[in-house]
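[1] Requesting a structural model of the entry that follows:
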Amino acid sequence: MMLLLALAGGIIAFFLEERLNVLGDFSFLFIVIPAVMLGVFYFIGRQIFEYDSDGEALNFRNRNIVPFINKPLSDEFPKYKLISYEIIDMFLIKRLYVKVSSKSTGSTMLKYEISYLSKKEIKDLKFSLNKVVKTNNEKKELTK
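    Residues are numbered from 1 along each chain as shown. Next up is the predicted model:
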């Protein structure tokens, strides 16, 4: 929301600058800087990632600070459906891919943006998901 306000403020300041002419040729920066920041937020992805593994279900929520950029994601499924997961770490972009069993297609891949998580938060996420995957694999071994 703050970014949207900064962009609106930049546009207003741009038009005021045209009238007052304090900055001269650099008045375009009032629009360019907030627009570039908006582009960076769009490129890097959703900033807010919430994960809940309490109980018998896994709950993933991924949303953006600026609500109109990307549609929020929200998935909830039983722990026994989790097959595997993978974390991809590119330069500034980190993504979590979760493979979930499905009756109709066999398995489904879910993708979440985790670029803004700290190393400790990612470590905790890995620990929790490893625990669920290990439990599921042990249950499969017992049923065979």
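[2] Count residues in the vicinity of residue 72, would you?
    A count of nearby residues for residue 72, using other CB atoms under 10 Å, gives 11. All C-beta atoms are positioned from the backbone trio N, CA, C, and that covers glycine.
[3] what do you get for residue 94?
    As a burial measure, residue 94 scores 19 neighbours (other CB under 10 Å).
[4] Ok, residue 34 next?
    Per other CB under 10 Å, the neighbour tally for residue 34 reads 20.
[5] try the one 3 residues further on
    Counted with other CB under 10 Å, the burial measure for residue 37 works out to 16 neighbours.
[6] Which pLDDT value belongs to it?
    On the pLDDT scale, residue 37 is placed at 77.
[7] May I have the secondary structure class of it?
    Secondary structure, DSSP: H, G, I helix; E, B strand; the rest coil: residue 37 is helix.
[8] Look up how far residue 29 lies from it.
    Distance, residue 37 to residue 29, using CB to CB, to the nearest Å: 12 Å.
[9] now swap in residue 65 and tell me
    Going from residue 65 to residue 29 by CB to CB gives 22 Å.
[10] now the biggest helix by length in the chain: mean pLDDT?
    Looking across the chain with DSSP state H, the single longest helix is helix 119-143. In this model, helix 119-143 carries a mean pLDDT of 90.
[11] Run through who's touching it.
    For helix 119-143, contacts defined as CB atoms under 8 Å, 6 or more residues apart in numbering pick out 51, 53, 58, 79-80, 82-85, 87, 94, 96, 98, 114, 117.
[12] Now with 7 Å, please.
    The contact list for helix 119-143, computed with CB atoms under 7 Å, 6 or more residues apart in numbering, reads 51, 53, 58, 79-80, 82, 84-85, 87, 114.
[13] What residues of that helix count as buried?
    Residues 122, 125, 129, 132-133, 136 are the ones in helix 119-143 that count as buried (16 or more other CB atoms under 10 Å).
[14] Alright, I will stop here.
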